[in-house]
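K.L.:
Below is the structure, and that's it, no one-letter string:
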C-alpha cells in the first residue's frame with residue numbers, strides 16, 4: 001500500500017499541532033491521526049498530538065508483539081485509549097485534542113474506526129471527491145441531528161469549532177465506533193479539520209489555510225511506499241513483516 005502523509009502549519013498557528021502514527025504487519029494496519037488544540041493562539045509549547053499518537057500505537061505494538069496471533073482487536077484498542085488517557089493528567093492537564101483511529105483487518109477486509117472530536121475518516125474510489133464516512137463531534141453537527149429528528153431548535157449557539165466529545169485529561173470520552181467493508185474502497189483517508197473543513201469544504205488554497213491541516217492517505221492498490229510531505233516531524237511508524 002502507498003501511504004502518503006501531507007501536513008502543514010496554519011497561518012494563524014504558532015506550530016503544527018497535528019500528528020499521526022501507524023502500525024502495520026501482514027495481518028493488520030492501524031493508524032491514528034491527532035489534532036491538538038492550540039491554547040488561545042499563544043506560543044505555548046505542547047507535544048500532545050505527537051505524544052498521544054505515539055503512546056497509543058507504541059502500546060498497540062507492544063501488545064501485538066506479546067501474542068502469537070500478531071493481532072489485536074478493537075476492544076483492546078479502546079482499552080489502550082482509556083488506559084493512556086489516565087496518564088495525561090501528569091503533563092497535559094489543561095490541553096485537549098481530537099483523534100481518529102483506523103483499524104484494518106486485512107484477512108476480514110473490514111476497517112473499523114474510533115473517533116473522538118473532529119478528525120474524520122473517508123474513502124475514495126475512481127472519483128475526485130472524498131466520501132466522508134463519519135461525522136465530527138461538534139455542536140453544529142449536534143444541532144443538525146436534532147433538526148433531522150424534528151426538534152424545533154431556536155438556539156444559535158452552535159459551531160463546528162465547539163466540540164461535544166474530545167480527548168482531555170479530566171474525563172475519558174468513549175470514542176465512537178464504526179465499521180465498514182473495504183470492498184469498494186481504493187483509498188482510506190484520515191484527516192484533521194483544517195484539511196476536510198477548511199481546505200476541502202471551504203475550498204481555501206493550501207498555502208492560505210489558517211488552521212493546521214493534515215491528511216493521511218492509504219492507497220490499498222499500490223505497492224508498499226511511504227511519501228511524507230510535512231513541515232515538521234509529526235509522523236511515527238511501526239512496520240513489521
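P.N.:
That came through fine. No experiment lies behind these values; they were computed from the predicted model shown.
K.L.:
which residues touch stretch 221-239?
P.N.:
Outside stretch 221-239, the residues that touch it by Cβ atoms under 8 Å, 6 or more residues apart in numbering are 1-9, 15-16, 18-25, 49-50, 53-54, 57-58, 60-61, 186, 214. To be clear about C-beta, it is placed using only N, CA and C from the backbone, and glycine gets the same treatment.
K.L.:
mind checking the end-to-end distance for it?
P.N.:
18 Å (Cα to Cα, to the nearest Å).
K.L.:
what separates stretch 196-216 from the chain centre, distance-wise?
P.N.:
15 Å (Cα atoms, centre = their mean, to the nearest Å).
K.L.:
Now stretch 197-204: buried residues?
P.N.:
197-200, 204 (16 or more other Cβ atoms under 10 Å).
K.L.:
Quick one: end-to-end distance for it.
P.N.:
Stretch 197-204 stretches 9 Å from its first residue to its last (Cα to Cα).
K.L.:
Please work out the average pLDDT along that stretch.
P.N.:
The average pLDDT for stretch 197-204 rounds to 95.
K.L.:
Go ahead and name everything in contact with that stretch.
P.N.:
For stretch 197-204, the external contacting residues (Cβ under 8 Å, 6+ apart) are 118, 130, 160, 191, 206, 209-211, 213.
K.L.:
in the helix of greatest length in the chain, what counts as buried?
P.N.:
Criterion DSSP state H: the longest helix present in the chain is helix 48-65. Judged by neighbour count (16+ other Cβ under 10 Å), helix 48-65 contains these buried residues: 48-61, 64.
K.L.:
Could you tell me how far that helix lies from the centre of the chain?
P.N.:
Put simply, helix 48-65 sits 14 Å off its chain's centre (Cα atoms, centre = their mean).
K.L.:
can you check stretch 113-121 too?
P.N.:
Relative to its chain's centre, stretch 113-121 lies at 5 Å (Cα atoms, centre = their mean).
K.L.:
before we move on, what about stretch 110-118?
P.N.:
On the basis of Cα atoms, centre = their mean, stretch 110-118 sits 7 Å off its chain's mean C-alpha point.
K.L.:
Over to stretch 178-189?
P.N.:
Its chain's C-alpha centre and that of stretch 178-189 lie 15 Å apart, by Cα atoms, centre = their mean.
K.L.:
pLDDT of it, averaged?
P.N.:
The pLDDT scores in stretch 178-189 average 94.
K.L.:
again, but for stretch 69-79
P.N.:
Averaged over stretch 69-79, pLDDT sits at 93.
K.L.:
Can you list the neighbours in contact with it?
P.N.:
25-28, 30, 56, 60, 63-64, 101, 103, 105, 112, 114, 174-175, 177, 240.
K.L.:
List the buried residues in stretch 218-236.
P.N.:
So stretch 218-236, judged by 16+ other Cβ under 10 Å, has buried residues 218-220, 230, 234-236.
K.L.:
Now the two most distant members of these.
P.N.:
Across those, the longest distance by Cβ to Cβ is 23.4 Å; it joins 220 and 234.
K.L.:
which residues in the chain form strands?
P.N.:
With strands called from DSSP state E, the chain shows them at 2-8, 18-24, 28-36, 96-105, 110-116, 120-124, 131-132, 167-168, 176-181, 187-191, 213-219, 225-230, 235-239.
K.L.:
JSON lines for the ones you listed, including distance to residue 138?
P.N.:
Converted to JSON lines, these look like this (distance: least, Cβ to Cβ, whole Å):
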{"stretch": "strand 2-8", "distance to residue 138": "22"}
{"stretch": "strand 18-24", "distance to residue 138": "17"}
{"stretch": "strand 28-36", "distance to residue 138": "13"}
{"stretch": "strand 96-105", "distance to residue 138": "9"}
{"stretch": "strand 110-116", "distance to residue 138": "12"}
{"stretch": "strand 120-124", "distance to residue 138": "11"}
{"stretch": "strand 131-132", "distance to residue 138": "14"}
{"stretch": "strand 167-168", "distance to residue 138": "14"}
{"stretch": "strand 176-181", "distance to residue 138": "13"}
{"stretch": "strand 187-191", "distance to residue 138": "15"}
{"stretch": "strand 213-219", "distance to residue 138": "17"}
{"stretch": "strand 225-230", "distance to residue 138": "26"}
{"stretch": "strand 235-239", "distance to residue 138": "26"}
